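J.: output the structure for:
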Amino acid sequence: MRTKTPQYAERILEAASRLFASRSFHEVRMEDVAGEATVSKGTLYRYFHDKDELYVALLKRASGQITHLMTERVASQTTAREQLVALMEAVVAYFDEQPHLFQLIVRAEPQRELGKFPWQEARDVGHRLVFEIMTEGTRKGELDIPEPHDAAMMLFGGIRAHIGYGRKPRPQGFVRGLVLDFLDGYDRRNRRGI
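T.: Modelled structure (predicted):
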């Protein structure tokens, strides 16, 4: 039996990603993936037993990529507002570059209850980062967010709606404006006297 190599797995995942970007999940056949990856069907099935396993591997790979990207972007900024803008710009850009990913995540949602949802790590890391930024920003006096956990969920919910259903192409500065408008509306200092 031949040894599996990361290069072949990555080649197959790249091919599957391209196909899912242009067709729905049900339209992509394993034979199509093998052809796109220029590997035999036998090789494909040695790496991924079926389309669902391939699908889970794509989500797991994407989760790792976006987790790294979010962490990197937050570390590149110094103020809470700029960290949140950088993080959300990275998330939106990542999904805009991979338009198929949103539907793959939605399709996998039912697996969450079974503990088989590879995208959960990305969600957890994203939420934790936003929560920590808001908490630290409030501590430093840059923000005044009374409930960082709720605010993080609301911000990600708004971003998710735009990723899945918002207009494209997005206007320049759209994400920055969305994040700053959200912060201005949620910041307790701006709500006094209301």
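J.: please parse the protein into its domains.
T.: 1-49, 60-191 (automatic domain parsing).
J.: max-length helix in the protein?
T.: helix 51-75 (DSSP state H).
J.: can you put the domains of the chain in JSON lines and add mean pLDDT?
T.: Listed next are the domains of the chain as JSON lines, based on pLDDT from 0 to 100:
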{"stretch": "domain 1-49", "mean pLDDT": "88"}
{"stretch": "domain 60-191", "mean pLDDT": "91"}
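J.: pipe these into CSV and attach mean neighbour count per row.
T.: C-betas here are computed from N, CA, C, even on glycine. Below are the domains of the chain laid out as CSV (neighbours: other CB atoms under 10 Å):
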stretch, mean neighbour count
domain 1-49, 15
domain 60-191, 16
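J.: ok, back up a step: list of residues touching the longest helix of the chain?
T.: 9, 12-13, 16-17, 20, 25, 28-30, 33, 48, 83, 86-87, 89-91, 94, 98, 101, 104-105, 107-108, 116, 118-122, 125-126, 129, 133 (CB atoms under 8 Å, 6 or more residues apart in numbering).
J.: what distance do you get for Val91 to Glu147?
T.: As for Val91, its distance to Glu147 is 21 Å (criterion: CB to CB, to the nearest Å).
J.: also Arg176?
T.: The value you get for Arg176 to Glu147, if CB to CB is used, is 23 Å.
J.: re earlier: what sits up against the very next helix or strand once past the longest helix of the chain?
T.: Scanning forward in sequence from helix 51-75 by DSSP states H and E, the next helix or strand is helix 80-97. Under the contact criterion CB under 8 Å, 6+ apart, helix 80-97 has outside partners 65-66, 69-70, 72-74, 76-77, 101-102, 126, 129-130, 133-134, 136-137, 140, 142-143, 155, 159, 162-163, 168, 170, 175-176, 178-180, 183.
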